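Engineer: Got a predicted structure plus its sequence, pasted below:
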Amino acid sequence: MAGKTETPADKLARMRGGRARSDNTPTVPTVTGGAPRQPEVTPALGGDAAKKTTLRSTVDLTPQMHYDLERWSQEAGQALGRARIARTDVFKELVRQLLTDETLSERVIAQIGARVSRH
């Protein structure tokens, strides 16, 4: 960086092990009128990117639902010769089935619709 002053964004990128921003990188002004910020880039989740990227989803359960799920995962695990099945594996499999089984998907939509209309 001979002859150039390192910007805070460049320093942060360097410290994180990334590439420093070039001078012609587009920036987006901040709402508060402060220093410009880098535009956010959302990677496409296709091909290899979908396999390498995981996104976290959290679920709030009632204490009873949590207890019932834990009991179910222990019983299912014993049926498979394991102590239990991890809740994350249960959630992932449920999502896979929801996205591939049209009958299940329609049933879930109907159940959610019925629950929402009651409130």
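Structural biologist: Cool, the structure landed.
Engineer: Show me the shaky parts of the chain.
Structural biologist: The model of the chain has pLDDT under 70 over residues 1-4, 8, 10-13, 15-51.
Engineer: what do you get if the cut-off is 90, keeping everything else the same?
Structural biologist: Within the chain, the ranges that satisfy pLDDT under 90 run 1-56, 115-119.
Engineer: for it, what spans make up the helices?
Structural biologist: Using DSSP state H, the helices of the chain run over 8-15, 48-52, 63-79, 87-100, 102-118.
Engineer: Using a markdown table, lay out those together with mean neighbour count.
Structural biologist: All C-beta spots, glycine's among them, are computed from the backbone N, C-alpha and C. Formatted as a markdown table, the helices of the chain follow (neighbours: other C-beta atoms under 10 Å):
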| stretch | mean neighbour count |
| --- | --- |
| helix 8-15 | 13 |
| helix 48-52 | 9 |
| helix 63-79 | 12 |
| helix 87-100 | 12 |
| helix 102-118 | 10 |
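Engineer: what's the nearest residue to Leu69 if we skip its chain neighbours?
Structural biologist: Excluding its sequence neighbours, the residue lying closest to Leu69 (C-beta to C-beta, 6 or more residues apart in numbering) is Arg87, at 6.3 Å.
Engineer: quick one: the one you found and Ser73 touch, right?
Structural biologist: Yes. With contact defined as C-beta atoms under 8 Å, Arg87 counts as touching Ser73 (6.1 Å).
Engineer: roughly how far apart are the closest residue to Ser57 other than its chain neighbours and Ala114?
Structural biologist: Leaving out its chain neighbours, the residue that sits closest to Ser57 by C-beta to C-beta, 6+ apart is Phe91, at 7.8 Å. Separation of Phe91 from Ala114 (C-beta to C-beta, to the nearest Å): 22 Å.
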